[in-house]
Every structure is written in C-alpha cells, then in structure tokens.
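J.: sharing a model that was predicted from the sequence below.
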Amino acid sequence: MRTKIVAGNWKMNKNMEETEALLAELSAKLPDTKAQVIVSPTFVNLAAAKRSLQASTIQVAAQNMHFAESGAYTGEISADMLLNIDVDIVILGHSERRAYFGETDELLAKKVKTAIEKGMKTIFCFGEELEDRKSDNHFSVVESQLKNALFDLDAEAWKSIILAYEPVWAIGTGETASPEQAQEMHAFIRKTIASAYDASIADEVSILYGGSVKPDNASDIFSKPDVDGGLIGGASLKSDDFAAIIAAI
Ligand code: PEP
C-alpha cells in the first residue's frame, strides 16, 4: 500500500506571524486522514513552523537546499542546517527553481544524492513544458528528467524518494492536467522506473500530481489509481482550501 501524501508548497509567501496563523487555522481544520500532510514554508519560517506543529501530525519540508556539506556558498542552506531544526524533508527540482535559478538535472542529481546520504526524504519535482506536450515530447522529457537526476540511485535510496509530477503549463495557471492526463503520465513514470529498477520499486514510490489542484478538482485527480496525492501551491495558502484538498484524498 503506497503512502498517500498532500504537500503544500508555500513558495515565497507568509511572514512568521502569518505562518503561525495559517498553521493554527490548518491544525484546527485538519480533516481526519490517513494521508501524510506536509507544509513547506520559506527557510526563515521553518523553525517557527516546527514549533507551531510540535503536537501535530503535520510535517514540515524545506523548498530547496544545497548539495555541499558546508562552505563558501553565500546565501545557501545545507542539509545539516535543516536537520539541525528537525526538518528532514526537502522539495528538490521545482520548476521555478529550474526556470529562475538555472537548476539542471545534473545539479539536482547532486542535491538528491546529498539528501539521501543525510537521511532526508526528497519530494522530487519534474514535468514537461507546454511546447513539449504540444510537440508530443512530454513522455521523453519526463523520462530524461528522471533518468538524469535519479537513476544513479541505488534501490534502497528509493525508499526516501517521493515523486511530484508537475506539468509546467499547469503550475499557477489555473489550467490543470485532466485526471486522465495525470493518470497516463503517472502510469508511464511507474513503467519507466520498473524498467530501470524493478516492479516493486515502481509500485512502492508515491507519485504526487501538482498543477492547479483546487478543492473542486482534487477528488477527480486523486481518484486515479497511480496518483497518490498532490503537491499544492496556491491553494495551500488558504486553510479552507488546503483542508478540503486533504479531505479529498
Ligand atoms: C506548485 O508550485 O508546486 C504548484 C503545484 O502550484 P499551483 O498549485 O499553484 O499550480
């Protein structure tokens, strides 16, 4: 049985008071669920989020990290710094990091490797752009993103990987992949992993869908057999919407 997960990526939103207020609201509205619920505030508010959620089942993830142990990397955050405040989940490869900060599959491979070595869980994001889908290259783009960043990992490492398929054309656009498009790609991802490794790794990895998931489309998307939950951007910033999405899983 795969773990169901709903994760909220808050991006560069919410100051410390707003972070605490949103988490208090979300905790009060959290539906009864077997799914793992994760929130990802910005770096400076991770410690406050951990404090606010001390008595909660809601987990906290970082939105990025550096691959190096420590050193002269001005502005960067290491795995040990995150672990030091008890944050052991990290989102890597978000399309905004790839598009605005030049993160490549090769760089991401290093970051994932560090996260695994440090005992962290990684929510690894990937997905095609609109032109890739229009030109019918979406499967090959996704396959190469997985291969370049993840397929050097050993089988054991996959226990620490959560995948998040996020078609770039659906992120923050209000346009979502249809449940059928999401299912088709998630099944392809599983097949690709089964060919590179084996069927048990492919069957066990949770694959989240991300891209304009809202309360009114969440249950249709989550009903698909290879969709194990969602990575939610905009709608995770409103406690009612995020709670409704969690309830939909
Ligand atoms: C995201 O940024 O990961 C995301 C899925 O955003 P949104 O839900 O706003 O499309």
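T.: Looks like it arrived, so ask away.
J.: are we agreed that V90 is in a strand?
T.: Yes: when DSSP: H, G, I helix; E, B strand; the rest coil is applied, V90 is found to be in a strand.
J.: can you offset everything so residue one is 39?
T.: I'll keep to 39 as the first residue from here, and by that count the last item is V128.
J.: who's in contact with it?
T.: Neighbouring residues of V128 by Cβ atoms under 8 Å, 6 or more residues apart in numbering: 99-103, 117, 120, 149, 153, 158-161. Heads up, the C-betas are built off the backbone N, CA and C, glycines and all.
J.: now these in CSV, with secondary structure and pLDDT?
T.: Below are the contacts of V128 laid out as CSV (DSSP: H, G, I helix; E, B strand; the rest coil; pLDDT from 0 to 100):
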residue, secondary structure, pLDDT
A99, coil, 98
A100, strand, 98
Q101, coil, 98
N102, coil, 98
M103, coil, 98
A117, helix, 98
L120, helix, 98
K149, helix, 98
A153, helix, 98
M158, coil, 98
K159, strand, 98
T160, strand, 98
I161, strand, 98
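J.: hang on, V150 packs against A187?
T.: Yes: counting by Cβ atoms under 8 Å, A187 is a contact partner of V150 at 6.1 Å.
J.: okay, and the common contacts of the two?
T.: With Cβ under 8 Å, 6+ apart as the test, V150 and A187 both reach F162.
J.: pLDDT averaged over stretch 59-71 - what is it?
T.: Stretch 59-71 carries an average pLDDT of 97.
J.: next helix or strand past the lowest-mean-pLDDT helix or strand in the chain?
T.: Within the chain, no helix or strand scores below helix 168-172, which has a mean of 93 by mean pLDDT, DSSP states H and E. Counting by DSSP states H and E, the next helix or strand C-terminal to helix 168-172 is helix 176-188.
J.: now do that next one: everything it contacts.
T.: Residues from elsewhere that reach helix 176-188, judged by Cβ under 8 Å, 6+ apart: 131, 143-144, 146-147, 150, 162, 164-167, 170, 199, 203, 205, 223, 226-227, 230-231, 234.
J.: now with 6 Å, please.
T.: 143, 146-147, 164, 166, 170, 226, 230 (Cβ atoms under 6 Å, 6 or more residues apart in numbering).
J.: same check, this time on stretch 226-236
T.: Residues from elsewhere that reach stretch 226-236, judged by Cβ under 6 Å, 6+ apart: 177, 181, 189, 193, 239-240, 245, 264.
J.: swap in stretch 156-173?
T.: Applying Cβ under 6 Å, 6+ apart, the external contacts of stretch 156-173 come out as 117, 126-132, 150, 153, 176, 179-180, 183, 198-207.
J.: got the residues of this structure near the ligand?
T.: Within the chain, the positions near the ligand by Cβ under 6 Å from any ligand atom are 47, 204, 209-210, 248-251, 269-273.
J.: tell me the gap between the least confident helix or strand of the chain and the middle of its chain.
T.: In terms of Cα atoms, centre = their mean, to the nearest Å, the centre of helix 168-172 is found 22 Å from the chain centre.
J.: so which bits of that helix are buried?
T.: The neighbour-count check on helix 168-172 (16 or more other Cβ atoms under 10 Å) flags 170-171 as buried.
J.: before we move on, back to that, adding neighbour count, write the residues of the chain next to the ligand out as CSV.
T.: Converted to CSV, the residues of the chain next to the ligand look like this (neighbours: other Cβ atoms under 10 Å):
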residue, neighbour count
N47, 26
E204, 26
I209, 22
G210, 13
G248, 26
G249, 27
S250, 21
V251, 28
L269, 28
I270, 28
G271, 22
G272, 18
A273, 19
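J.: between those, which is closest to the ligand?
T.: G271 (2.1 Å; Cβ to the nearest ligand atom).
J.: what's the closest non-adjacent residue to the closest one?
T.: Distances taken as Cβ to Cβ, 6 or more residues apart in numbering place N47 nearest to G271, at 5.3 Å, with adjacent residues excluded.
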